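> Give me coordinates for this.
(chains A and B)
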Amino acid sequence: MFSFFARNVLQKLLTLFFISIISFLIIHLAPGKPSQIDPLNPKFTPEVMKRFQKQFHLDKPLSLQYYLFYKELLGGKTVSWKDNQPVLQKIWDRFKNSVPLFLLGTILTWTIAFPVGISAAVRRGTWYDRVSTFVAYLLISIPGFFFAYVLIILVVNQLHVPVIGMETFGLRSSSLLTWGMDHLWHLVLPSILGATGGVAVLSRYVRNQMLEVEGQDYIRTARAKGVSEDEVHYKHALRNALLPFITMFGLVLPGLIGGSVIIESIFSWPGIGRLAYQAILARDYPVILTLNMISAVLVLMGTFVSDLLYVLADPRIRL
Amino acid sequence: MRTKRLLLLIPCVVIAFLIQSYFWVPTYEEQTRGNPERLKEFITASLGDASILNPVLSADSASSRIEDQIFEGLLDRDEDLKLRGRVAKSWEIFEEVYFWVNPRYGSGQAICERLKRAKGLVWQYGPQVQTFLKSIKHIALQGPGQRVVKDSVSGKEVALRLDVPQRVKLTLNKIDPDLKKHLQVLLGVDYFRDLTPLSRISPSFPLPGGLPLAKAMALLPVVEHNPVIIFHLRSGVVFHDQHPVTAADVKFTFQAIMDPRNLSPRMADFEPVKAVEVIDPLTVRVVYKRLYSPALATWSIGLLPAHLLNKRALSREAMAQGRDPDKFTLRDSSFNTHPIGCGPFSFKEWKSDQYIVLTRNENYFAGPPNYQRYVMRVIPDLLTQEMEFYSGTLDTYTLQPHQVVRLQHDPRFQSFSGTSYGYTYIGYNMRRKPFNDVRVRRALSMAVDVDKIIKYVLYGQGERITGPFVKQTDYYDQGIAPVPYDPQRALALLKEAGWVRNKDGWLVKDGQRLQFTLLTNNGNAIRKAILAIVQNQWRRIGVDVKTDTLEWSVFIQERINKLDFDAVILGWVMGIEPDLFQIWHSSQTDPYELNFCGFKNKKADQLIIRIRQEYDHRKQVELCHRLHRIIAQEQPYTFLYVSKWTAVLDKRIVIKEQGPGGEPRFRRIRPTRTGNFYFDFNKWIKLSRLPQLSPGD
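Sure thing, here's the model as predicted:
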């Protein structure tokens, strides 16, 4: 058990090291300079530009830049080039905004996808199955931004309530309950949008997984024993069909830092996706690389967690 | 079966819980109409968030919109774009001039005497020299002396010892760019001829190729103009923390810009300043190194409070945060997220990527604004901005070109439009054939139907432009007609230049086709459309044009900066000041410089320099018109258009003023000549219903 941990952690640290090198190189290979260094602004004389480059260590060799950058990052001292604010603080603030969106989106995805997928599998070939397949493909193919606009225009024009931002702008109510419900309402549309794709894909997975399990011998045995139909589906089949999803749950973790640029932009949601997007546009290397590093860590942690979950869930696997 | 029921129950509960939240949310009706507080605030939107709320450090438009409300400069521009005093009550401009004593014309004493005598015999001279003599307030002798300066010559740092000769110092009561000519009349035509700074400058080590003459002239000019501006500050102006605004704050703001550690993007504006001196708490004296007329307008920069940002204050802040005080600069200060100025609104709250709230400054020197609060919401999507505007949670919305016709005359809104300060052009690389021939450039301009581009690409939201000045200013010569669309004359011109159509229809000269590539940047739909239209129109007269679009940074770094292009579609955003040096002067044509088209014209060079040196508005306008004409004739660019903007505003927003008896009077908002409808913003207020406007409106 212990050797498994040690080996795993060591492997992941090594991977992380390579990720750090590659992402650093890619970002420096990409054309463009930080936006403060604007060569087409008559106000920027060459001396000023040189000074900026020196300040950001851009005049040093890449290897040294790499060293300086990660030294600062690990020390937690990196500041954004855009406004000199500490990067970790900026990311943390945005992270707090993105988490509710992510959580609600995930809850919606998983709670809706399972019943839909299972019932489609149970009633395979029926009208219900075909309609749910059709709707799933529809949801997968509809562009998110378009769906978002349709929803916003519908809700704003028909219900006359605000949907933009994290809360009703200028809300002056002091009651905690109103405040909470207002926040919840503003979560509804973006998280529905965030969940649509997930529901569509995941419900297909669930359906296929269920169908596969239902074809197994032990299901036939259960039926032959005279177990009721519901019990066959929900006890014998479902439990075995769930196994692969446990691994998927670990892989959801990186989504925490991902955010969605499109949904966050349309809904003016001050989330992490927008932070990353703006940082990329402004070539704000510290923010981009720090986010990149955090998501790499989360991915690696995610795989680790799913390994562990699998061990816990499936008694056939031993370390 | 429990699992089955749970699987159905959980999603139903979650969805029901989400949907019920709808009933707690106030509708737009409740927010806007039933809410008296809403009338006291102005809400505007921005696509991007501000980055750093410090006028000395920021370079983005969202930040400067907020800074305009929080900070106040010494001066700003009035309705007619003339400078008017803000924190400065008034100012005087004059100059101090130093010129070398030429020993061949007598001793320094003798030259001073001659000038003094001439001053007594003014009537002997022509009118121009007369005014010059009358403007002399004081004559004195100075030097000789020695000075060591550090400078970089062809990329190398070098210490230079300057052997400054004895000089005559004249104090004038105005600025006279023609002073050298007048002195020649008084002292002799050849007085300045054999005076050269080269022999008086000794570098610390021998320079290969010697010191360039232009550099030497800049370091040790024979005639040195030192324009002086004295600002008289208004008394009783206070920062939002009640600390009075004094001359020390002006000096501090200047120092903050020039401090290399602050990396201020405004540095180039203030580089010509020699010294800023505090004379008394309400008087500050600015001395310049040379004639540079755009300098005055740069003092519209917002003043920083010295007492919060000086060395002591910054060290204290660094200590409190546990950081090294030596490495802690203005850029690191929390001031940039909680700014304090002396403008009409004071800072209240900034939620990153959500909104910035300002409240009115009751002590604003020109009287507090009518609005209680100023709010800028960050809404990065135009459609959402539009929806919020219709719902009444935004007070203004800037229309996209295709919406203008539909919404401009909507009875619910008042609309304003104007032309922007930037223009779009096709630039030719004049170092390359055939663009070195003005006839070819003119012909190419003639073959482009700009009016159609404006009509179809911009939905009519643009105007033609003929030269490099801002179209609403006096500097722009409205009398210059745009190049007409005339493919036949274009062909005739090309024929004159030796280009004839062959039997396939291509233009050919010496067996070579007229062939080149037109470039622009990716991601700008309008430029891409123009690219296709221009290609098509040029092909019709037989020009073999290829087109390409490149990612912005590649485009700039690999093509523009390295001068590797034939023709490009690009745009410039201009300032009001008519200083064209960086974009049009022949000294700025090297790689990485902004005259990338390689426009070189002796007359234009002289005019550009002269415009920078001229402090008299009327004369400056005249010079600009001459320059405009030269550029329009030379056609280094095909000037395409300036785009028009249209903004809509809630109709219930009006100007509220005090009538003679103290009763409120309402007036409609009127834009200034430049189209700026925010000019009277501090008098705006929103009413609950359409008001009775004062007579005549």
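> Wasn't B:Ser90 part of a strand?
Yes - assignment of B:Ser90 by DSSP: H, G, I helix; E, B strand; the rest coil places it within a strand.
> Can you report how many residues neighbour the residue nearest to it when sequence neighbours are not counted?
Once flanking residues are discounted, B:Ser90 sits nearest to B:His232: 5.0 Å by Cβ to Cβ, 6 or more residues apart in numbering or on different chains. From N, CA and C alone the C-beta is placed, and that goes for glycine too. Using other Cβ atoms under 10 Å in any protein chain shown, the number of residues around B:His232 comes to 18.
> I'd guessed B:His232 sits against B:Leu282; true?
Yes - look at B:His232 against B:Leu282 with Cβ atoms under 8 Å: they come within range, at 6.5 Å.
> Downstream of the helix or strand encompassing the residue nearest to B:Ser90, the next helix or strand is which one?
Assessed by DSSP states H and E, B:His232 sits inside strand B:223-233. Next along the chain after strand B:223-233, taking DSSP H and E as the criterion, comes helix B:247-258.
> Check which element follows that following helix along the chain.
helix B:267-270.
> Keeping just the C-alphas, turn that next one into CSV.
Once non-C-alpha atoms are left out, helix B:267-270 reads as follows in CSV (Å, rounded to 0.1, in the frame of the first residue of the first chain):
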residue,chain,number,x,y,z
MET,B,267,6.8,59.1,-19.5
ALA,B,268,7.3,60.2,-23.1
ASP,B,269,4.8,63.1,-22.5
PHE,B,270,6.8,64.5,-19.7
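> returning to what we had before: now the strand holding B:His232: average pLDDT?
Averaging pLDDT along strand B:223-233 yields 93.
> in the stretch 301-450 of chain B, which spans are strands?
Counting by DSSP state E, counting those that start in this stretch, the stretch 301-450 of chain B has strands at residues B:345-351, B:355-360, B:373-378, B:396-398, B:413-428.
> Okay, now the unreliable bits of the chain?
No chain in the question, so chain A it is. Per-residue confidence for chain A (pLDDT under 70) gives these ranges: A:1, A:31-46, A:172-174, A:258-259, A:318-319.
> Chain B was what I was after
Scanning chain B for pLDDT under 70 picks out the ranges B:33-34, B:154-155, B:691-697.
> Next, name the residue at the spatial heart of the chain.
Picked chain A for this. For chain A, A:Gly255 is the residue whose C-alpha lies nearest the centre (Cα atoms, centre = their mean; 1.9 Å).
> Correction: the question concerned chain B.
Centre-nearest of chain B using Cα atoms, centre = their mean is B:Gly575, 3.1 Å out.
> Three-state assignment for that one, please.
Going by three-state DSSP: B:Gly575 is coil.
> how many neighbours does B:Ile279 have?
A count of nearby residues for B:Ile279, using other Cβ under 10 Å, gives 12.
> Up against chain B, what does the stretch 151-300 of chain A have?
A:152-153, A:156, A:159-162, A:164-166, A:168-173, A:177-178, A:181-182, A:184-185, A:187-188, A:230-231, A:233-235, A:238, A:265-268, A:270, A:274-275, A:278 (Cβ under 8 Å from any Cβ of the partner chain).
> Just the buried ones out of those residues, please.
Listed as buried from these are A:152, A:156, A:161-162, A:164-166, A:168-170, A:181-182, A:184-185, A:187-188, A:231, A:233-235, A:238, A:265-268, A:270, A:274-275, A:278; burial here means 16 or more other Cβ atoms under 10 Å in any protein chain shown.
> And the residue nearest to B:Ser90, how far from B:Pro281?
When distance is defined by Cβ to Cβ, to the nearest Å, B:His232 is 11 Å away from B:Pro281.
> Check the gap between the nearest residue to B:Val405 once chain neighbours are set aside and chain A for me.
Distances taken as Cβ to Cβ, 6+ apart put B:Tyr459 closest to B:Val405, at 7.2 Å, once the chain neighbours are dropped. Distance, B:Tyr459 to chain A, by Cβ to the nearest Cβ, to the nearest Å: 21 Å.
> Now the stretch 251-400 of chain B against chain A: closest residue?
Closest residue of the stretch 251-400 of chain B to chain A, Cβ to the nearest Cβ: B:Asp353 (3.7 Å).
> got a list of what B:Ser334 touches?
Residues near B:Ser334 by Cβ atoms under 8 Å, 6 or more residues apart in numbering or on different chains: B:Glu317.
> what about the closest residue to B:Gly188 other than its chain neighbours, how many residues close to it?
Among residues not flanking B:Gly188 along the chain, B:Tyr105 sits closest, at 6.2 Å (Cβ to Cβ, 6+ apart). Neighbours of B:Tyr105 under the rule other Cβ under 10 Å: 13.
> Check A:Leu151 too.
There are 18 residues near A:Leu151, going by other Cβ under 10 Å.
> How many neighbouring residues does the nearest residue to it once chain neighbours are set aside have?
Of all residues not flanking A:Leu151 in the chain, A:Leu189 sits nearest, at 5.7 Å (Cβ to Cβ, 6+ apart). Look at A:Leu189: counted by other Cβ under 10 Å, it has 20 neighbours.
> A:Leu189: what's it in contact with?
Taking Cβ under 8 Å, 6+ apart, we find A:Leu189 in contact with A:148, A:151-152, A:155, A:163, A:267.
> Would you map the helices across the stretch 1-150 of chain A?
A:2-29, A:46-55, A:62-74, A:87-122, A:127-141, A:144-159 (DSSP state H, counting those that start in this stretch).
> is any part of the third one close to chain B?
This means helix A:62-74. No - for helix A:62-74, no contact with chain B is found by Cβ under 8 Å from any Cβ; the gap never falls below 12.5 Å.
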